[in-house]
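Visitor: 3D model of this:
(one chain, ligands or ions: 1)
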Amino acid sequence: MRAWRVHELGDPAEVLGLEYLPDPDPGAGQLVLTVHACALNFPDILQCRGEYQVKPPLPFIPGLEVCGTVVATAPGLEARMGERVVAPPAQPHGGLATRTVVDAHEAFPVPYTMTDAEAAGLTVTYQTSWFALFRRARLRPGETVLVHAGAGGVGSAAIQLAKSAGAVVFATAGGPAKTEVCRELGADVAIDYLADDFVEMVKDLTGGEGVDVVYDPVGGDTFDRSRRIVAWEGRILPIGFTSGRIADAPTNHALLKNYSVVGVHWARYRDHDPDAVIECHHELCRLYEQGSIKPLVGAEHPLEDAPAALTALGSRSTVGKIVVLCEPRSRS
Ligand SMILES: NC(=O)c1ccc[n+]([C@@H]2O[C@H](COP(=O)([O-])OP(=O)(O)OC[C@H]3O[C@@H](n4cnc5c(N)ncnc54)[C@H](OP(=O)(O)O)[C@@H]3O)[C@@H](O)[C@H]2O)c1
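Guide: Take a look at the predicted model:
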């Protein structure tokens, strides 16, 4: 197989090398997939640099979510041969390869109407936003949600999911092209934070009340400023820190304004509550089939271009999901 591997930590463009490796064998309870599509995530960049909370042993293959077809199985799992599934690869196996290994209990079939590129982004991206909004923030119909980096990977999923649940969605993004993407995704209000002060705009538009839920993949100043516009009994969801700074949450401010800071680490649900992960997958497929969600594929790249695609993701020049077509079934 061909795979991008990291032997020492650093920026993806500097440390990724494309290698020919023997095809992997499945361990107990595992499946081998031909990888049709691998969706990129900001944590792929952070893992290459050694800056993510989960640090796979070196050398490792990046790529946290894939769509592929089962081509080999552990004994007892032969019935799954030929299934098209989505799954998170079992690290140090990764998605930026023509073959990968996944745990069978985490490999879920997808609707045949969903393209490989769309399906590749369904696991980390949509599950994170679903758990954040519905399990952690307990979002209710009619509530207001502010989604930061709304044109990005997890942000675009959060806009669609919040709208599908009957929420009123405010989104922020950098620049007019990205705010247009947010509107197309369903945001009721899209704020170009490079041109306008999102704090003042949200205050004006909510009559000073603020929003019930803040979905924040950015952190840093964005988190600090969002505390000023979270509503009474609101919830702020720290999703990630693309700004590069992990903000502090002063407890006296949470006390005075009666809001909660609610942590979200989706990957931990895979061990803590695997049944909920399966339920979430079924719900996401149902929402897709009824037309309520549709993964936004911002760009597709051949396997050879994976480092450049990761560089683009890290330089805020992308929208939606950036997908690497590792061993395409067909154009999708
Ligand atoms: N908690 C979890 O379980 C979980 C799961 C998956 C991902 N995440 C986190 O979610 C965040 C987003 O991941 P993603 O893959 O969906 O990425 P993404 O949103 O597609 O890309 C990052 C976006 O962040 C914004 N941004 C703001 N400041 C930035 C900076 N200094 N450098 C780069 N980007 C900046 C940019 O949007 P604008 O140009 O609009 O500002 C950029 O497009 C990451 O922090 C990731 O670790 C968390």
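
Visitor: show me where the stretch 201-332 of the chain has strands.
Guide: Taking DSSP state E, counting those that start in this stretch to define them, one finds strands in the stretch 201-332 of the chain at 211-216, 230-238, 260-261, 297-302, 321-325.

Visitor: does anything pack onto the longest one? Which helices or strands?
Guide: Contacts defined by 3 or more C-beta pairs under 8 Å, 6 or more residues apart in numbering; DSSP states H and E place strand 230-238 against strand 211-216, helix 221-226, helix 251-257, strand 260-261. Placement of C-beta: from N, CA and C, glycine included.

Visitor: do the second one and the ligand come into contact?
Guide: The reference is to helix 221-226. No. Helix 221-226 lies out of reach of the ligand by C-beta under 6 Å from any ligand atom, never closer than 7.2 Å.

Visitor: let me have the helices and strands packed on strand 230-238 in TSV, extended by mean neighbour count.
Guide: Listed next are the helices and strands packed on strand 230-238 as TSV, based on neighbours: other C-beta atoms under 10 Å:
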stretch	mean neighbour count
strand 211-216	28
helix 221-226	18
helix 251-257	11
strand 260-261	17
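
Visitor: could those go into CSV alongside mean pLDDT and distance to Pro24?
Guide: Listed next are the helices and strands packed on strand 230-238 as CSV, based on pLDDT from 0 to 100; distance: least, C-beta to C-beta, whole Å:
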stretch, mean pLDDT, distance to Pro24
strand 211-216, 98, 36
helix 221-226, 98, 40
helix 251-257, 96, 47
strand 260-261, 98, 40
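
Visitor: need the strands of the stretch 201-332 of the chain in CSV with distance to the ligand, can you?
Guide: Below are the strands of the stretch 201-332 of the chain laid out as CSV (distance: least, C-beta to the nearest ligand atom, whole Å):
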stretch, distance to the ligand
strand 211-216, 9
strand 230-238, 8
strand 260-261, 13
strand 297-302, 8
strand 321-325, 7
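
Visitor: which of those is buried the deepest?
Guide: strand 211-216 (a mean of 28; mean count of other C-beta atoms under 10 Å).

Visitor: ok and that one relative to strand 230-238, angle-wise?
Guide: Between strand 211-216 and strand 230-238, the angle comes out at 20 degrees (axes from the mean of the first three to the mean of the last three C-alpha atoms, to 10 degrees).

Visitor: for Ala173, give me its contacts.
Guide: Shown in contact with Ala173 (C-beta atoms under 8 Å, 6 or more residues apart in numbering): 149-152, 155, 179, 181-182, 190-193.

Visitor: I meant Met1, not that one.
Guide: Met1 neighbours (C-beta under 8 Å, 6+ apart): 20-24, 97-99.

Visitor: how about the residues of the stretch 151-300 of the chain by the ligand?
Guide: Residues of the stretch 151-300 of the chain lying near the ligand (C-beta under 6 Å from any ligand atom): 151-155, 173-174, 178, 217-218, 239-244, 264-267.

Visitor: rerun at 8 Å
Guide: 151-156, 172-175, 178, 193, 217-220, 222, 238-244, 264-267 (C-beta under 8 Å from any ligand atom).

Visitor: can you give me the neighbour number for the residue of the stretch 1-150 of the chain at minimum distance from the ligand?
Guide: Distance from the ligand to each residue of the stretch 1-150 of the chain (C-beta to the nearest ligand atom) is smallest for Phe42, at 3.4 Å. Phe42 has 20 neighbours, counted by other C-beta atoms under 10 Å.

Visitor: contact partners for the residue lying closest to it once chain neighbours are set aside?
Guide: Among residues not flanking Phe42 along the chain, Thr242 sits closest, at 5.8 Å (C-beta to C-beta, 6 or more residues apart in numbering). Residues in contact with Thr242 (C-beta under 8 Å, 6+ apart) are 42, 149, 152, 217-219, 316.

Visitor: just Ala39 next, same as before
Guide: So Ala39 contacts 65-66, 95, 117, 120-121, 124-125, 153, 321-324 (C-beta under 8 Å, 6+ apart).

Visitor: circling back to that earlier point, select, out of the strands of the stretch 201-332 of the chain, the one closest to Val6.
Guide: Of all the strands of the stretch 201-332 of the chain, strand 321-325 sits nearest to Val6, with 15.2 Å by C-beta to C-beta.

Visitor: ok now the closest one, how far from the chain's centre?
Guide: 12 Å (C-alpha atoms, centre = their mean, to the nearest Å).

Visitor: go on, stretch 260-269?
Guide: Put simply, stretch 260-269 sits 13 Å off its chain's centre (C-alpha atoms, centre = their mean).

Visitor: can you pull the buried residues of that stretch?
Guide: 261-262, 264-267, 269 (16 or more other C-beta atoms under 10 Å).

Visitor: now do stretch 57-76
Guide: 60-70, 72-74.

Visitor: any chance of the residues you listed in TSV, plus secondary structure, distance to the ligand and pLDDT?
Guide: Formatted as TSV, the buried residues of stretch 57-76 follow (DSSP: H, G, I helix; E, B strand; the rest coil; distance: C-beta to the nearest ligand atom, whole Å; pLDDT from 0 to 100):
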residue	secondary structure	distance to the ligand	pLDDT
Phe60	strand	17	96
Ile61	coil	18	98
Pro62	coil	12	98
Gly63	coil	12	98
Leu64	coil	8	97
Glu65	strand	9	98
Val66	strand	15	98
Cys67	strand	17	98
Gly68	strand	20	98
Thr69	strand	25	98
Val70	strand	25	98
Ala72	strand	29	98
Thr73	strand	28	98
Ala74	coil	28	98
